[in-house]
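In: return a 3D structure for these sequence lines:
(2 chains)
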Amino acid sequence: MEKHSEKFRTWAIIIAAHLMVILAWHLWVTIAEVPTYVMPTPKMTIMSLAEDYNWVHNTLFTAAEIFGGYILACIVGIGLALFFAWFKKLEATMMPLVVSMNMIPKVALGPLFIVWFSYGMVPNIFIAFSISFLPILLTTARGLQETDPDLIDLVRSLRASKWQVFTKIQLPGALPFVFSGMKVAVVLAVAGAIVGEFIASEEGLGYLMLQVQVTLDTAAMFMAVLLITAIGVSLYGLVLLLERLFVVGDSRVE
Amino acid sequence: MTEQKTTEPFIQLSGLRKVFRTRGEEFLAISDASFNVQEGELVSLVGPSGCGKTTLLKIIADLYDFDGGTVKIGGSGINFDPGRDVGMVFQQALLLKWRRILDNVVLPAEILGLPVKESRERARDLLNMVGLTGFEDKYPYELSGGMQQRAAIARSLVHDPKLILMDEPFGALDALTREKMNLELLRIWKESKKTIIFVTHGIAEAVFLGTRVVVLTSGPARMADMFEVELPYPRTLDMKTHERFGDYTRRIYKLLGME
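Out: Reported below is the predicted structural model:
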């Protein structure tokens, strides 16, 4: 009962905070008489949905890029980390390389991806992927190393197989780290997909923003940004939900 | 082979020597440790930090190899499988955060592939014995440090090992909880009838718990003394004020150069 009302309170605060920002936005634009091509009101922003900008299609297109790139990043990031954990020698040679790769501004690879994969969804998925998989790889690898040596000794004294150590201790122990990497990666995947659309695309919300920029339809640009944010928030929420299901309260890494 | 059923000790260490080598440098961790442990004994290993107590324990657990001497565990009358008959407790409880207490206790049985149902039953009984009835389905973070350590002790017993190795198991607890856990350990030891080797740097703790005390000194690490503690069981906290108790602790202080 008490827990229930506490949850309600938390949600009420979250919603109220968002509404307050919208209200402040509205008041600022109307009271300060900001020109609408600089800053539309919240209402105008919503109204832009009525314009024929193929909203649904563009939103789904961008969402597909983000989710596609993100899922790929999770698979490759976690997969590589597991692979490294099993083949320690490989990790020793590959990890420095991975760290250097992390320093490459992935955004700068955009034009190259276009050359390699041509226009459309595929190169944008790859940009989203390439920008977001490294944090997942690095945190997962870190998590797999975090096992207490005494704990390893404890199970080693029982002649635990490498597989048992891995499945019963290392892997579940690494999960909180995996999720912390996955949470960071959400933001990056969103940015990656949009950058891809900016560079070269004929669909998607990023593309749409460039189109309406020409006509100074700022309201539509705002709407596009809001929709991109909404995609990111839903993905983040999904990851939080998974974390809640798989990671016991205390061990979550913030 | 001669029949020595009653006289042959459970554990025989003689002239044990261990050298760590790192980057060309040699570090003598243990020089010449020799002592025996009878079945059902609770032997305290006491000494300052870095005197090789833990190393000695891990050699007995068959986790480290050694450079000289012999280690013999089991023998006529007592079968001992080093991969099956050792239970360990460390300074940290090392419970798996994502497992409930019961599932944590079951872990060794799980690794050994023991029957699931029986192991869980046994884990329940052990949790009852260490005073954690009702906490089976809690997560480790919901338990205090002392309670976590109780769970760790239950875990060390779940596969019914013949030997329990404890490495400063109460070192991270506050003084009062520690005293309480000492009494608890003596009770558990009596109930489970296990052989226990208890590593500590607490001099009073070593005397209070042990049937025998082995004293190790550092720099160079070596075995300095070994004696029987002639205080009756069940031991009570007021025994710490006995003259004999004081004699024992003074004897250890002297060896460690603190008097």
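In: contacts, neighbours, all on C-alpha from now
Out: OK.
In: just confirm A:Leu137 is within a strand.
Out: No: with DSSP: H, G, I helix; E, B strand; the rest coil as the criterion, A:Leu137 is helix rather than part of a strand.
In: thinking it is in contact with A:Ile78, fair?
Out: Yes: using CA atoms under 8 Å, A:Leu137 is in contact with A:Ile78, at 5.6 Å.
In: more crowded one of the two?
Out: With neighbours defined as other CA atoms under 10 Å in any protein chain shown, A:Leu137 and A:Ile78 compare such that A:Leu137 has more, 27 against 24.
In: so how far is A:Leu90 from that one?
Out: Distance of A:Leu137 to A:Leu90, computed by CA to CA, to the nearest Å: 14 Å.
In: ditto for B:Thr54
Out: Using CA to CA, B:Thr54 is found at 32 Å from A:Leu90.
In: these two: which is more packed in?
Out: B:Thr54 (20 against 12).
In: which residues does stretch B:97-105 contact?
Out: Outside stretch B:97-105, the residues that touch it by CA atoms under 8 Å, 6 or more residues apart in numbering or on different chains are A:172-173, A:247-248, A:250-251, B:95-96, B:120, B:123-124, B:127, B:135-141, B:151-152, B:154-156, B:158.
In: now, of those residues, which are buried?
Out: Buried subset of the contacts of stretch B:97-105 (neighbour count, 16 or more other CA atoms under 10 Å in any protein chain shown): A:172-173, A:247-248, A:251, B:95-96, B:120, B:123-124, B:127, B:135-136, B:139-141, B:151-152, B:154-156, B:158.
In: from the residues you listed, which ones fall inside strands?
Out: Within those, no residue falls in strands by DSSP state E.
In: take these and keep only those in helices.
Out: Applying DSSP state H to the buried ones among the contacts of stretch B:97-105, the entries found in helices are A:172-173, B:120, B:123-124, B:127, B:151-152, B:154-156.
In: in the chain, which helix is the longest?
Out: Looking at chain A here, since you left the chain open. helix A:55-86.
In: hmm, no, I was thinking of chain B.
Out: Assigned via DSSP H, chain B shows its longest helix as helix B:175-192.
In: so what does it touch, helix or strand wise?
Out: Under the contact criterion of 3 or more CA pairs under 8 Å, 6 or more residues apart in numbering or on different chains; DSSP states H and E, helix B:175-192 touches helix B:145-157, helix B:203-209.
In: each with direction, which strands does whichever helix or strand comes after that helix pair with?
Out: Downstream of helix B:175-192, the next assigned helix or strand under DSSP states H and E is strand B:195-200. Paired with strand B:195-200 in the same sheet, following DSSP bridges, are strand B:42-46 (parallel), strand B:163-167 (parallel).
In: neighbouring contacts of strand B:195-200?
Out: By CA under 8 Å, 6+ apart, strand B:195-200 touches B:38-47, B:53-54, B:57, B:162-169, B:171, B:189, B:206.
In: buried residues in stretch B:61-78?
Out: Within stretch B:61-78, the residues that count as buried by 16+ other CA under 10 Å are B:61-63, B:66, B:71, B:73-74, B:76.
In: turn those into a markdown table, columns for secondary structure, distance to B:Ser14 and pLDDT.
Out: What follows is the buried residues of stretch B:61-78, written out as a markdown table (DSSP: H, G, I helix; E, B strand; the rest coil; distance: CA to CA, whole Å; pLDDT from 0 to 100):
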| residue | secondary structure | distance to B:Ser14 | pLDDT |
| --- | --- | --- | --- |
| B:Ala61 | coil | 16 | 92 |
| B:Asp62 | coil | 16 | 91 |
| B:Leu63 | coil | 18 | 92 |
| B:Phe66 | coil | 12 | 92 |
| B:Val71 | strand | 7 | 92 |
| B:Ile73 | strand | 12 | 92 |
| B:Gly74 | coil | 15 | 87 |
| B:Ser76 | coil | 18 | 71 |
